[in-house]
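1. show me the folded form of this:
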Amino acid sequence: MEVDGQEARRGSGLQYKWVVAMVVIIGVFMAILDSTIVNIAIPRLQAVFGADLHSVQWVLTAYILAQGVATPAAAFLANRLGIKRFYIMSLAAFTLGSALCGLAWNLPLLITFRVLQAVGGAALFPLSLTLIFREFPPQERGSALGLVGVPAILATALGTTLGGYLVTYADWPIIFYINVPIGITAVILASIFLREQRDEFRQSFDVAGFIFSTIGLACVLYGLSSASTDGWGSTTVLSTLIVGSLALVIFVVVELVIANRGGQPLLDLRIFTNASFTISTIANIFVVFALFGGLFLLPIYLQILRGQSAFQAGLLLLPQALAAMVSVVVGGRLVDRFGVRAVVIPGLLILAVASWQLSFITADSPYWWLQIAIILRGLALGLVGQPLILSALSEIRPQKLTQASSLSTVVRAVSSSLGVAVLATLVQVQTKIHYSHLAEQVTASSPLGQLLPRLEAFFVARGADASAARAAAVQLIIRLVQRQGYVLAIQDAFRITLVFVAITVIITLFIRVKRPPRRIPAQPLEAPGSEAAPQEETALATVES
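-> The predicted structure follows:
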């Protein structure tokens, strides 16, 4: 009877880990879907509230700042409240914030409710990683992260296309209300099926660490988000980046002092002494630069240079997400079999080929060629992103998983903001430089110079007088030169992402090749009283540990 009871518990354990994955999938899907849809909806919100772009950008900026500030506290709250309870509270806060955003009748209220949304969403990803890593054995974590990655990528794809459709054809509150039924479902499932988990020690709250991390992350993230619009030379950008950097330096010192004295820091930075975590995190930073750079550049190219609507651009980018959905599942299984490095390096080479091809993009590139490059980027995303997260957390003790996943989430948030800011600034600066060089080449004998009198004649034939026709022709030539300068700047940006990919390949070579242990096949149970049953229990326990 005792053996039967042990087998039943084993069976329920096998079922429970997939229940955890199902609940985690819903939470991650909801959070990513929301952020993608809202990014596309900014022009619509600007028209609805009659506000300037800088004011409406706070709908995004406030969310990023609040999420960055709240993430470091996730480990403490998970320890104090329990992972299940805190996960449910995070889902509830995000769902409530989404409903309130849809009810907002002015821009300040919308920004306020976005902060509530962000506070709830900040812990969803680190807690999801913690739950997955606690329940799945090492030899199955790649497959588990691959399955979780499918809805995450699907949410990105649906957010782009669905967001474009809703922004174009529906009322704006729907972009927030869409989260409510998903969130309620996730709360109910988590309440019913998840088991409570809490570490034995009671962690005290690190007030000093929280203050300096809040100041540091808020200032750095705000400075990076403002750099793409105000420029790196802006007083606001420079002052916030300097203050934020100093605050983060003090935060590091405070955390190390607390840890060395035997206390419980807000984020245990000694996790960086783990070589696998550090190398994988650094590689992830450069991957985020390359991948998020493309996600930032391609919609700009399609909407500004090719004249596509948000919905049309979303449809054109959909194959990238579909390819990523396939590769993230395949990549997870391959990692379980061959290890991280054997999967990540081929993925990086595919990303390098895609970035190299996109560095030749023109204003008239055929869409079939663009789709091939986009699909290659999607395949690379699935083979690189999740395996590097798996590698970073593979050697972390269960008691430190929430700390490590929170730290990894903060690093990715800062690096993605930095990547977008750097590439946006590069495109702006290079556009001006290329425009100046191209304008110098417009002479009477150049193709554009020869086009000018023909344009003047065209406008005169349409009824314009000579001076108006010349002014219109000159403006059209200027726009053509600016357009070409913009294209050349985007080419430069993709060349920079190629450099990031090359650096990531070098870093990835230092990741230790460590294949997950394979489960020992269970032997048939002997009759009660024999010696085989205890031996089997010992072997299974050894493998599972």
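2. helices or strands up against the helix or strand hosting L317?
-> According to DSSP states H and E, L317 maps onto helix 310-338. Using 3 or more Cβ pairs under 8 Å, 6 or more residues apart in numbering; DSSP states H and E as the contact criterion, the secondary-structure elements in contact with helix 310-338 are helix 2-49, helix 141-169, helix 275-300, helix 341-358, helix 367-393. Every residue, glycine included, has its C-beta placed from N, CA and C.
3. pipe those helices into a markdown table and attach mean neighbour count and distance to P181 per row.
-> Output for those, formatted as a markdown table (neighbours: other Cβ atoms under 10 Å; distance: least, Cβ to Cβ, whole Å):
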| stretch | mean neighbour count | distance to P181 |
| --- | --- | --- |
| helix 2-49 | 17 | 10 |
| helix 141-169 | 22 | 14 |
| helix 275-300 | 22 | 27 |
| helix 341-358 | 22 | 35 |
| helix 367-393 | 23 | 27 |
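4. ok, the closest residue to I42 other than its chain neighbours - how many residues close by?
-> Excluding the flanking residues, the one nearest I42 by Cβ to Cβ, 6 or more residues apart in numbering is V56, at 5.7 Å. Residue crowding around V56 was assessed by other Cβ atoms under 10 Å; the count is 23.
5. could you do the one 10 residues further on as well?
-> Counted with other Cβ under 10 Å, the neighbours of A66 add up to 23.
6. could you do the one 10 residues further on as well?
-> Neighbour count of F76, defined by other Cβ under 10 Å: 23.
7. so it touches P265, yeah?
-> No - taking contacts as Cβ atoms under 8 Å, F76 lies outside contact range of P265: 9.6 Å.
8. so what sits against both of the two?
-> For the pair F76 and P265, residues contacting each of them under the criterion Cβ atoms under 8 Å, 6 or more residues apart in numbering are D206.
9. would you list the helices and strands packed on helix 310-338 in JSON lines and tack on distance to V328 and mean pLDDT?
-> Compiled in JSON lines, the helices and strands packed on helix 310-338 are given as follows (distance: least, Cβ to Cβ, whole Å; pLDDT from 0 to 100):
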{"stretch": "helix 2-49", "distance to V328": "12", "mean pLDDT": "67"}
{"stretch": "helix 141-169", "distance to V328": "4", "mean pLDDT": "73"}
{"stretch": "helix 275-300", "distance to V328": "13", "mean pLDDT": "81"}
{"stretch": "helix 341-358", "distance to V328": "10", "mean pLDDT": "89"}
{"stretch": "helix 367-393", "distance to V328": "3", "mean pLDDT": "85"}
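10. before we move on, the earlier item: check which residues of the helix holding L317 are buried.
-> Of all the residues in helix 310-338, those buried under the rule 16 or more other Cβ atoms under 10 Å are 310-321, 323-325, 327-329, 331-332, 334-336.
11. chain center to that helix: distance?
-> Offset of helix 310-338 from its chain centre (Cα atoms, centre = their mean, to the nearest Å): 14 Å.
12. could you do stretch 247-258 as well?
-> Using Cα atoms, centre = their mean, the distance from the centre of stretch 247-258 to the centre of the chain it belongs to is 26 Å.
13. using PDB, list the CA coordinates for that stretch.
-> Presented in PDB, the C-alpha positions along stretch 247-258 are these (Å, rounded to 0.1, in the frame of the first residue of the first chain):
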ATOM      1  CA  ALA A 247      22.000  55.700  -7.100                       C
ATOM      2  CA  LEU A 248      22.600  52.200  -8.600                       C
ATOM      3  CA  VAL A 249      26.300  52.300  -7.600                       C
ATOM      4  CA  ILE A 250      25.200  53.100  -4.000                       C
ATOM      5  CA  PHE A 251      22.600  50.300  -4.300                       C
ATOM      6  CA  VAL A 252      25.300  47.800  -5.300                       C
ATOM      7  CA  VAL A 253      27.500  48.900  -2.300                       C
ATOM      8  CA  VAL A 254      24.600  48.700   0.100                       C
ATOM      9  CA  GLU A 255      23.500  45.300  -1.100                       C
ATOM     10  CA  LEU A 256      27.000  43.800  -0.900                       C
ATOM     11  CA  VAL A 257      27.500  45.200   2.600                       C
ATOM     12  CA  ILE A 258      24.200  43.800   3.800                       C
END
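14. next up, phi/psi of S394, please.
-> Dihedral angles phi and psi of S394 (degrees, to the nearest 10) take the values phi -70, psi -30.
15. pull the contacting residues for it.
-> Under the criterion of Cβ under 8 Å, 6+ apart, the contact list for S394 reads P138, R141, S276, V340, K514.
16. now render these as CSV, adding distance to L131.
-> Converted to CSV, the contacts of S394 look like this (distance: Cβ to Cβ, whole Å):
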residue, distance to L131
P138, 15
R141, 12
S276, 21
V340, 21
K514, 23
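17. most widely separated two among these?
-> Using Cβ to Cβ, the pair of those lying farthest apart is R141 and S276, separated by 13.3 Å.
18. just to check, I490 is in contact with I304?
-> No - taking Cβ under 8 Å as the contact criterion, I490 and I304 are not neighbours in contact, 9.7 Å apart.
19. who's more crowded, the two?
-> Regarding I490 and I304, a neighbour count based on other Cβ under 10 Å identifies I490 as having more, with 26 against 12.
20. how about the more buried one, secondary structure?
-> Using DSSP: H, G, I helix; E, B strand; the rest coil, the three-state assignment for I490 comes out as helix.
21. and it, how far from L317?
-> 15 Å (Cβ to Cβ, to the nearest Å).
22. number of nearby residues for V252?
-> Neighbour count of V252, defined by other Cβ under 10 Å: 17.
23. contacts only, for it.
-> Taking Cβ under 8 Å, 6+ apart as the contact definition, V252 lies against L269.
24. check what pLDDT it gets.
-> Residue-level confidence at V252 comes out at 87, pLDDT.
25. would you mind giving both backbone torsions of it?
-> phi -60, psi -50.
26. now swap in the one 5 residues further on and tell me
-> Comment: the main-chain dihedrals of V257 come out as phi -60, psi -50, following degrees, to the nearest 10.
27. tally of neighbours for it?
-> When neighbours are defined as other Cβ under 10 Å, V257 has 13 of them.
28. what mean pLDDT does the strand or helix carrying S436 get?
-> Using DSSP H and E, S436 falls within helix 401-440. Averaging pLDDT along helix 401-440 yields 80.
29. same check on stretch 311-328?
-> The predicted model gives stretch 311-328 an average pLDDT of 80.
30. return the set of buried residues in the helix holding S436.
-> Residues of helix 401-440 classed as buried: 401-424, 426-427, 430-431, 434-435, 438 (neighbour count, 16+ other Cβ under 10 Å).
31. what angle separates it from helix 275-300?
-> For the pair helix 401-440 and helix 275-300, the angle between their directions (axes from the mean of the first three to the mean of the last three Cα atoms, to 10 degrees) equals 40 degrees.
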